[in-house]
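Asks: return atomic coordinates for the entry below.
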Amino acid sequence: MIFAMPIDIAKKFGQRVRKVRLSKGLSQGKLAKKLDVDPSYISQIERGLGNMSLKKMSGLAEALGVSIEKLVK
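Replies: A predicted model of the protein is given here:
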């Protein structure tokens, strides 16, 4: 069974990702390039529309130079 991420959690996560990304001076395009994903994927995550796997979440945290915990607080 696959569980969907509740919208509130996805939006909060996306807002946190955007805040950290901007604090690092990265555009969505540059972050997407680091993760080898399309920039639209980053946009979806930041708007709370995308659902990341734990593996992608780990890569995102690494690309931003922060812990996963910082992104999910």
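Asks: and the longest helix along the chain, what's its mean pLDDT?
Replies: The residue-count maximum for a helix in the chain (DSSP state H) belongs to helix 7-23. Average pLDDT, helix 7-23: 91.
Asks: how about the nearest residue to I45, chain neighbours excluded?
Replies: Nearest in space to I45, with sequence neighbours left out and distances taken as C-beta to C-beta, 6 or more residues apart in numbering, is G14 at 5.3 Å. (C-beta placed from N, C-alpha, C; glycine too.)
Asks: hmm, I was thinking of Q44
Replies: G50 (3.6 Å).
Asks: hmm, G48 and the residue nearest to I45 touching each other?
Replies: Yes. With contacts counted by C-beta atoms under 8 Å, G14 reaches G48, the gap being 4.4 Å.
Asks: low-confidence ranges in the chain?
Replies: 1-7 (pLDDT under 70).
Asks: need the helices for it, in chain order.
Replies: Under DSSP H, the chain gives helices at 7-23, 28-35, 39-46, 54-64, 68-72.
Asks: okay, now the nearest residue to P39 once chain neighbours are set aside: neighbour count?
Replies: In space, P39 comes closest to A32 once its chain neighbours are excluded; the distance is 4.2 Å by C-beta to C-beta, 6+ apart. Per other C-beta atoms under 10 Å, the neighbour tally for A32 reads 18.
Asks: one more: K70?
Replies: Neighbours of K70 (other C-beta under 10 Å): 12.
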